[in-house]
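Visitor: Here you go, sequence then predicted model.
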Amino acid sequence: MANHNAYAQREDLNYLGELYLIGANQTPLLNMMGGLAGGGGKTCKGFTFSVAQPWALDAANQDTVSEDTAAAGPTVRTYTRGQDTNTIQIMHEAYGSSYAKQSTTGEIGAITNVAGPTDGGNPVTDEKAFQRTGALRQLAVNIEFSFFQGSETAVTDSSTNTKTQGFANAIATNTVATGGAALSKALINNILRTMVGNGAQFINPVIFCNAFQKQQLSDIYGYAPEDRNVGGVNIKQIETDFAMIGVVFAPQMLTDDLYIIDMAVVAPMYCPYKGMLMVDEPLAKTGAKDENQLYLQIGLDFGPEEYHGSLTGLSTS
């Protein structure tokens, strides 16, 4: 229903009744990170930013020496560090409305005038504010999609359409390609063991999945006590050997993937403009209309990717 060609005008009709936003528009990941308000966000001063500085110990062993070797002195061991990065992407939306559209809230279907405090009248009394709400919601959905499915394009010059890397491509150490297998307790146990073996901390782990895999999880872990009036289950947490793991339905997830994300180490990363995380400003004035632009520079700080896990290529039927 979005119109990408023009500002709102009288041809964009008013209607009666309640407003309902349709489609899979939930953004649970972004909400859990503070939303577009930036409550849980970080800031940087460049389009390439650090997400982690990983380092590791040698594998455990019985590393002993003789008395003579000890007397001669130990060999110095050096622990080196790495640098994991991600990229900022530019998000840009515009919204606006003609003067005439903002003045004619009483026109319903562009014909019948029902202006006044009547029950069931036009619920939109500020057209520009409504258009701004739509632009903000669109930004949020696009950012959520990017954080889950984004493929990184690093900055090279001003012509580069930079893109941030989402979890689908960031998780590399703890990932199991299922080859089209149905989600099962054995697969969940497998990815958890893989994560533990690679040092995942399970500080605040959350499973994110689409509708089909969410139903599979409820079937796998659900237990519904007998009741004459109530049936069914809705699994929201799973008790495991390593942590209590939350379960969240996320519509922007790939249908055949399941991610275990440690929310303790992830955050949106903003590159502010003059201290502003998001710019909302009027565009150049031309004619009898009001137009604004929303602009922000944002990326995903996914922390150490070794703290997350994924099952990919799951059955979807």
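Guide: Looks like it arrived, so ask away.
Visitor: what about the helices in this structure?
Guide: For the chain, the helices defined by DSSP state H occupy 28-32, 67-72, 99-103, 127-149, 167-170, 185-197, 211-221.
Visitor: With respect to Thr316, which of these lies nearest?
Guide: For Thr316, the closest of the helices of the chain is helix 211-221, at 5.4 Å, according to Cβ to Cβ. Where you see a C-beta, it was placed from the backbone N, CA and C, and this is true even at glycine.
Visitor: Now do that closest one: which elements does it pack against?
Guide: Packing partners of helix 211-221 (3 or more Cβ pairs under 8 Å, 6 or more residues apart in numbering; DSSP states H and E): helix 185-197, strand 244-249.
Visitor: Please produce TSV containing the ones you listed, extended by distance to Thr125.
Guide: Formatted as TSV, these follow (distance: least, Cβ to Cβ, whole Å):
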stretch	distance to Thr125
helix 185-197	50
strand 244-249	34
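Visitor: Out of the ones you listed, which gets nearest to Ala168?
Guide: Using Cβ to Cβ, the helices and strands packed on helix 211-221 put helix 185-197 closest to Ala168, at 15.0 Å.
Visitor: any idea how far Ala6 is from Val124?
Guide: Note on Ala6: its distance to Val124, by Cβ to Cβ, to the nearest Å, is 17 Å.
Visitor: any weak-confidence spans in the stretch 201-317 of the chain?
Guide: By pLDDT under 70, the stretch 201-317 of the chain has no low-scoring segment.
Visitor: okay, now Ile188: neighbour count?
Guide: 22 (other Cβ atoms under 10 Å).
Visitor: With Lys214 instead?
Guide: 21.
Visitor: measure it to Phe249 for me?
Guide: As for Lys214, its distance to Phe249 is 5 Å (criterion: Cβ to Cβ).
Visitor: just Phe202 next, same as before
Guide: From Phe202 to Phe249 the distance is 21 Å (Cβ to Cβ).
Visitor: what's the answer for Asp157, then?
Guide: Taking Cβ to Cβ, one finds Asp157 at 40 Å from Phe249.
Visitor: Name the residue closest to the centre of the chain, please.
Guide: Residue closest to the mean C-alpha point of the chain, counted by Cα atoms, centre = their mean, is Glu144 at 3.3 Å.
Visitor: can you pull the pLDDT of it?
Guide: On pLDDT, Glu144 comes in at 96.
Visitor: same question, Asp58
Guide: Note for Asp58: predicted pLDDT of 88.
Visitor: Just give me the neighbour total for it.
Guide: With other Cβ under 10 Å as criterion, Asp58 counts 8.
Visitor: Provide the backbone phi and psi angles at it.
Guide: The phi/psi pair for Asp58 (degrees, to the nearest 10) reads phi -70, psi 160.
Visitor: List the residues that contact it.
Guide: Arg77 (Cβ atoms under 8 Å, 6 or more residues apart in numbering).
Visitor: now Phe249
Guide: For Phe249, the contacting residues are 26, 28, 209-211, 214, by Cβ under 8 Å, 6+ apart.
Visitor: List the buried residues for stretch 45-56?
Guide: 47, 49, 51-52 (16 or more other Cβ atoms under 10 Å).
Visitor: neighbour-wise, which of Ala6 and Val124 wins?
Guide: Under the neighbour definition other Cβ under 10 Å, Ala6 and Val124 were set side by side, and Val124 has more, 15 against 11.
Visitor: Count the neighbours of the residue lying closest to the more buried one once chain neighbours are set aside for me.
Guide: Spatial nearest neighbour of Val124, chain neighbours left out: Phe130 (4.8 Å); criterion: Cβ to Cβ, 6 or more residues apart in numbering. The number of residues packed near Phe130 is 16, by other Cβ under 10 Å.
Visitor: closest one to Met269 among the helices of the chain?
Guide: Per Cβ to Cβ, nearest to Met269 of the helices of the chain: helix 127-149, 10.6 Å.
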